[in-house]
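*Asks:* pasting the sequence and the predicted coordinates here, then a few questions.
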Amino acid sequence: MRILLVDDETEFVATLAERLSLRSMAVDYATTAQEALALIEEHAYDLAVLDMKMPGTSGLELQSTLKERCPAMKFIFLTGHGSETDYITGSSEASSYLVKPVAIDILIAKIKEALGKW
């Protein structure tokens, strides 16, 4: 399983990638939508964890583009604002919506759930 993390908070996404890698997950990360789109040209991803609010392209907009290019990809959204989950629940095909900061064990459980890896 290969996971793509996309969040404009560089330190946060790098730390998250490192922690998932330590749990034997293949992880790449991007800090912009453009970087994410370049990465999907190089690798096949099973799941993307997307920040909702990023400069330029939002997580929802990026999900739409990724879904067109990789129809089988699953999605988990991260948000810094709990109220956003009401909006995104009806607007996307995400498996989960998590509020930052998220405990690594909860994120891993949601990743496994989304990919059917129990």
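*Replies:* Received, thanks. Numbers count the residues shown, from 1 in each chain.
*Asks:* give me the pLDDT value at the closest residue in space to residue 104 that isn't next to it in sequence.
*Replies:* Of all residues not flanking residue 104 in the chain, residue 19 sits nearest, at 5.1 Å (CB to CB, 6 or more residues apart in numbering). C-betas here are computed from N, CA, C, even on glycine. Residue 19 is assigned a pLDDT of 98 by the prediction.
*Asks:* give me the number of residues near residue 19?
*Replies:* For residue 19, the neighbour count with other CB atoms under 10 Å is 14.
*Asks:* ok, and the helix or strand in this protein with the lowest average confidence?
*Replies:* helix 84-89 (a mean of 50; mean pLDDT, DSSP states H and E).
*Asks:* what's the next secondary structure element after that helix?
*Replies:* Next along the chain after helix 84-89, taking DSSP states H and E as the criterion, comes strand 96-99.
*Asks:* give the other helices and strands that that following strand contacts.
*Replies:* Secondary-structure packing of strand 96-99 (3 or more CB pairs under 8 Å, 6 or more residues apart in numbering; DSSP states H and E): strand 74-79, helix 84-89, helix 104-115.
*Asks:* out of those, which is closest to residue 95?
*Replies:* Comparison of the helices and strands packed on strand 96-99 against residue 95 by CB to CB identifies helix 104-115 as nearest, at 3.7 Å.
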